[in-house]
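# Sequence and computational prediction follow.
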Amino acid sequence: MDAGLESAAQGARQEIARFREVFGALEQAVHQRVVGQEPVVRGVLTALACGGHALLEGVPGLAKTLLVRTLADAIDLKFSRIQFTPDLMPADITGTMVLHETEGGGHMLRFEEGPLVANCVLADEINRATPRTQSALLEAMQEHTITVARETRALPAPFLVLATQNPVEQEGTYPLPEAQLDRFLLKLLVPYPQEADYHAIIERTTGSSNMQVPRVANAATLLSMQATVRSVAVPESARTTAIRLVMATQPCSDYAPEVVNRCVALGASPRGAQALILVGKVEALLAGRAAVTQQDVRSAAHAVLRHRVMLNFRGHSERLKADSVVDAVLAAVRD
Amino acid sequence: MHAAFEQERAALQTALEAAAASERRSRSGPALSVGLRGALFGAMIGAAGQSLTALGAHLLALQEAALEWHIVAWCVGGCAIIGFLFTFMLHWRGDTSRAHLAQRLDAHNATGGSILAALELSRRAVCAFSAVAVQDGVAAARSAETPRAVRPVLQHMLALATISAVLLAVALLMPPRSISVTAKQEAATSDGTPPANVIHNIGAQALKPHQPDAPIPAPITGAGTGPGRKPEATAASAEAPRAQRPSSGQPGSGRSAEVAKASESSAAQGESIPGGAPPQENPEGRKDAPKVSAAAKPRVQKPKAGEEEKNGATAGQSGSGGGALSAVKSPWSQRDRGSADPLSENDTDERIEDDPDEAEARSGTQPSTKDRRGTTSKDLSISGPGTGGKGRGGPSLPKKARGTGSLVLGVPIPDFVRGLLNPGTTRITHERVQPSVLRAPEDAAVPTRTRQNAAVLTPQSFVPQRLRQLLSLYWIAQRKGA
């Protein structure tokens, strides 16, 4: 084999091995404080490696906030938390121009950064803020910039928004608009712990021990991981599967199953296909492969597509869940 | 670098070719079995065709009911050979494209799709990760085990062979029907009755179109008085064709007892024997067919008024003639109706059917009187509560309540606001009944499994599924109506 290709291949193999090593270390670090919830932890780390944002949905008390805080501790990142409330204003999260007094007795306007200017932002109970405040996140999540006083400022890289919301208490909330939901790479459902996990939770949290989380990565490591993910090869079959899965969620498309045509008002956008491929790349890297396969794409379908499928009135009336629609889509789209 | 990548690609192609050859070799045995099954299936088709032919000839009493054995053999054998060749080639060749083979290898060896990915990436530009993927794919393809083709199940072959043998036996052993027909002819001639073949010929003539030059056969016997035959039809021979029309196709109708007796054997075979006149069908269609006048139609005797009142069957119950009856027997709702049908007031039996041809003959097309109804009564009588919808007097129907479904506790109704998706379900927080002590069912609290999915933790409704579906349909209908 050619020496140049051989060395390049060796370099790629080393990148894959390093990715798996850091990813595994991060998982272990988070699990030192968070008990159980393996799929959720893995999903959050996947979003981190892809450079995307994650929406965590679960009832209170399931360690959603603890997970994000632990992640920020494990990675040396600037962490900020925003508790979304109905009276929160956009300037409260992006920052605003504040009048400062200079030494000579004069005054000047200076930009005071809001909590959004950070690497890892926890948007706690994001659906309790008004749509006006929620919209302040749109630019930050997509372009990684904020615009204040006609001036656009770049956010530090890596930038990650982890939002939480409660699925039960819907009174007094403002459901996230489709544009914002589409900007979340993954929507992860946080379930109740298993019985065995309860023992560990009680043991860790009711004792006197204070579990310290080691720092296993920093921002540079994270950026390197994101570059590795982008390098993974995508064969045509995997790309075709991702495209067809996304098209199958759109009513009246060629691949849409009957339940989509009947009960879905809005399907996934091209961002969904991008997300499927990115998450598939992480799955391939974690499996030690350098190329995405169809199975990688299919395994990412639920987390990627469940918040991009909007049910219509009939779907709500039939108590249909987005996950069952995704199941139908997966059954309809063959390899 | 490209040369090395080409080597990898060639290695992958070689590995896939080897796998394809191995799979094709493994297909030979199963392909023969599948071909044998196809041959049996073809033989079954051929035998079924032959047996259907024999059965049809038997039922139609054709002379060729008995099939020659060599024709049956040729047909069945040909179908079997075609079935064998078709299925064998289909299975033996199969889809041996590289992509399909790579997919099969991945599925069989659980390589996670790496062989297919390597095959696709080997056709594209070179990069480090693609090279790694191709290397992994080559290694997986070399060590992959070729999936073996599976032989078909033997029981299907046995079933096919059994069905083929049965159908073949039916085809070869079906007795000819023509023998029994000849015996019946002889028996009928000795009794003095017309032979069956004569009747058969008459029946055959009934199916032929009328030829003006051909002589009209004389009727076998006198005409009957059945409903399908007009009495005037026998009065003059010139009117004979008029009487032939209604009786065709009705076995036994419009015939005398003698004809019924004479044609017993043929009637049993489902043939239609016309009554007095030989059957002739007008070849020019219905337009030139002679009309039957109103006077020529049989009259049905109308019951006398006294009898009608005596039995009281129609007093006030029908719109026709109801005005001449006692008002005591007619309810208000009947009086509110319009007057009787003007056409049926005098004599409903005398009504002439509105034939389009006759209407055209009466100076142009006339409106159809079949659906003509009387005008609404202008009488301002009191409407009862059940009559509703007339807008005059009486209480109206109860108004439909709106939103009742939303008052039923425990039935979550999707709160759908246009432009605002997924606002959650409506909560019914106010109860409009007096509080009372309710005894909870003993099985209200049941042990549940570990809850896996927090997102579906909505309270389960105690309302039956059927009622929930009804409410769901109600709200959908309300929304459509809005």
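Received, thanks.

# is any part of stretch A:153-166 close to chain B?
No - applying Cβ under 8 Å from any Cβ of the partner chain, one finds stretch A:153-166 out of contact with chain B, separated by at least 9.5 Å. C-betas here are computed from N, CA, C, even on glycine.

# what's the first-to-last distance across that stretch?
Length of stretch A:153-166, first residue to last, Cα to Cα, to the nearest Å: 31 Å.

# what do you get for stretch B:107-115?
10 Å.

# can you check stretch B:100-118 too?
OK, stretch B:100-118 end separation, Cα to Cα: 13 Å.

# Over to stretch A:293-307?
End-to-end distance for stretch A:293-307: 23 Å, by Cα to Cα.

# State the mean pLDDT of it.
Summarised as a single mean, pLDDT over stretch A:293-307 is 92.

# for stretch A:185-195, same thing?
90.

# Tell me how many other residues surround B:Q7.
Counted with other Cβ atoms under 10 Å in any protein chain shown, residues neighbouring B:Q7 total 14.

# helices or strands up against the one helix or strand it maps to?
Here B:Q7 sits within helix B:2-59, counting by DSSP states H and E. Packing partners of helix B:2-59 (3 or more Cβ pairs under 8 Å, 6 or more residues apart in numbering or on different chains; DSSP states H and E): helix A:3-31, helix B:69-93, helix B:98-109, helix B:114-121, helix B:128-143, helix B:154-173.

# could you give the angle of it to helix A:3-31?
80 degrees (axes from the mean of the first three to the mean of the last three Cα atoms, to 10 degrees).

# separation between the closest residue to A:A238 other than its chain neighbours and A:A242?
Nearest residue to A:A238, sequence neighbours excluded (Cβ to Cβ, 6 or more residues apart in numbering or on different chains): A:V292, at 4.4 Å. Distance, A:V292 to A:A242, using Cβ to Cβ, to the nearest Å: 9 Å.

# Please identify every residue contacting each of those two.
Counting by Cβ atoms under 8 Å, 6 or more residues apart in numbering or on different chains, the contacts common to A:V292 and A:A242 are A:277, A:280.

# can you give me phi and psi for A:Y192?
Phi and psi for A:Y192, reported as degrees, to the nearest 10, are phi -70, psi 150.

# For chain B, see how far away it is.
To chain B, A:Y192 is 5 Å away according to Cβ to the nearest Cβ, to the nearest Å.

# same thing with A:Q274?
18 Å.

# And what about that residue, helix, strand or coil?
helix (DSSP: H, G, I helix; E, B strand; the rest coil).

# which residues does A:V264 contact?
A:249-251, A:256, A:309-312, A:315, A:325.

# from memory the residue nearest to A:A238 sits against A:P235, does it?
Yes - between A:V292 and A:P235 there is a contact under Cβ atoms under 8 Å: 6.9 Å.

# how deep is A:G172 tucked in, by neighbour count?
8.

# ok, now how distant is it from chain B?
According to Cβ to the nearest Cβ, A:G172 stands 10 Å off from chain B.

# One more: A:N312?
Computed as Cβ to the nearest Cβ, the A:N312 to chain B distance reads 9 Å.

# Go ahead and confirm that residue touches A:N261.
No - contact criterion Cβ under 8 Å: A:N312 and A:N261 do not qualify, at 10.3 Å.

# residue ranges for the helices of the stretch 151-300 of chain A, please.
A:178-183, A:195-205, A:219-231, A:236-248, A:258-263, A:270-286, A:294-299 (DSSP state H, counting those that start in this stretch).

# Pull up the distance across stretch A:109-129, start to finish.
OK, stretch A:109-129 end separation, Cα to Cα: 28 Å.

# So which bits of that stretch are buried?
A:111, A:114-129 (16 or more other Cβ atoms under 10 Å in any protein chain shown).

# Could you do stretch A:175-193 as well?
Quick answer for stretch A:175-193 (16+ other Cβ under 10 Å): A:175-176, A:178, A:180-193.

# Point out where chain A drops to low pLDDT.
A:1-3 (pLDDT under 70).

# And for it, the residue most distant from the center?
A:G104 (47.5 Å; Cα atoms, centre = their mean).

# now it, what's its secondary structure?
Following three-state DSSP, the label given to A:G104 is coil.

# Alongside chain B, which residues does the stretch 101-250 of chain A contribute?
A:167-168, A:170-171, A:173, A:175, A:178, A:189-192, A:194-195, A:231-233, A:235-238.

# Selection in PyMOL covering whichever of those are buried, please.
PyMOL command restricting those to the buried ones, with burial defined by 16+ other Cβ under 10 Å:
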select buried, chain A and resi 167+170+173+175+178+189+190+191+192+231+232+233+235+237+238
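
# Identify the residue spatially nearest to A:L181, adjacent ones excluded.
A:H307 (4.9 Å).

# burial of that neighbour, as a residue count?
Counted with other Cβ under 10 Å, residues neighbouring A:H307 total 22.

# mind listing what A:A54 touches?
A:A54 touches A:43-44, A:47, A:160-163, A:184-188, counting by Cβ under 8 Å, 6+ apart.

# Please name the bridge partners of it.
A:A54 forms beta bridges with A:L162, A:L186, as assigned by DSSP bridges.

# now swap in A:T147 and tell me
Going by DSSP bridges, A:T147 forms beta bridges with A:T152.

# Is it correct that it is in contact with A:E139?
Yes - with contacts counted by Cβ under 8 Å, A:T147 reaches A:E139, the gap being 6.4 Å.

# For the two, indicate the residue with more neighbours.
Higher neighbour count among A:T147 and A:E139: A:E139, with 16 against 13, using other Cβ under 10 Å.

# For the residue nearest to A:L181, identify the helix or strand it belongs to.
Of the helices and strands defined by DSSP H and E, none includes A:H307.

# so where's chain B shaky on pLDDT?
In the predicted model of chain B, residues B:1-5, B:19-31, B:61-68, B:91-96, B:125, B:144-155, B:174-433, B:435, B:441-462, B:482 satisfy pLDDT under 70.

# before we move on, the earlier item: any shared contact partners between A:V292 and A:P235?
B:A117.

# nearest residue to B:G113 other than its sequence neighbours?
A:T293 is the one closest to B:G113 (Cβ to Cβ, 6+ apart), at 3.0 Å.

# For the one you found, give me its contacts.
Per Cβ under 8 Å, 6+ apart, neighbours of A:T293: A:235, A:237-238, A:280, A:284, B:112-114, B:116-117.

# Take those residues and lay them out in TSV including distance to A:R81.
Formatted as TSV, those follow (distance: Cβ to Cβ, whole Å):
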residue	distance to A:R81
A:P235	41
A:S237	42
A:A238	37
A:G280	31
A:A284	33
B:G112	39
B:G113	41
B:S114	42
B:L116	45
B:A117	41
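
# Considering those residues, which possesses the most neighbours?
For the contacts of A:T293, neighbours tallied by other Cβ under 10 Å; top is B:A117, 33 neighbours.

# Tell me if I'm right that that residue and A:E236 touch.
No - using Cβ under 8 Å, B:A117 makes no contact with A:E236, being 9.4 Å away.

# OK, now which residue of the stretch 51-200 of chain A is nearest to chain B?
Chain B sits closest to A:Q170 of the stretch 51-200 of chain A, with a gap of 3.0 Å, by Cβ to the nearest Cβ.

# what's the neighbour count on the spatially closest residue to B:H156 that is not a sequence neighbour?
Excluding its sequence neighbours, the residue lying closest to B:H156 (Cβ to Cβ, 6+ apart) is B:R37, at 6.3 Å. Residue crowding around B:R37 was assessed by other Cβ under 10 Å; the count is 23.

# what's the domain layout of chain B?
The record's domain split for chain B, according to automatic domain parsing, is B:2-173, B:220-276.

# Now for A:Y174, how many residues are close by?
Neighbour tally, A:Y174, other Cβ under 10 Å: 18.

# which phi and psi does it have?
phi -120, psi 100.

# Thought A:T130 was touching it, still the case?
Yes - counting by Cβ under 8 Å, A:T130 is a contact partner of A:Y174 at 5.8 Å.
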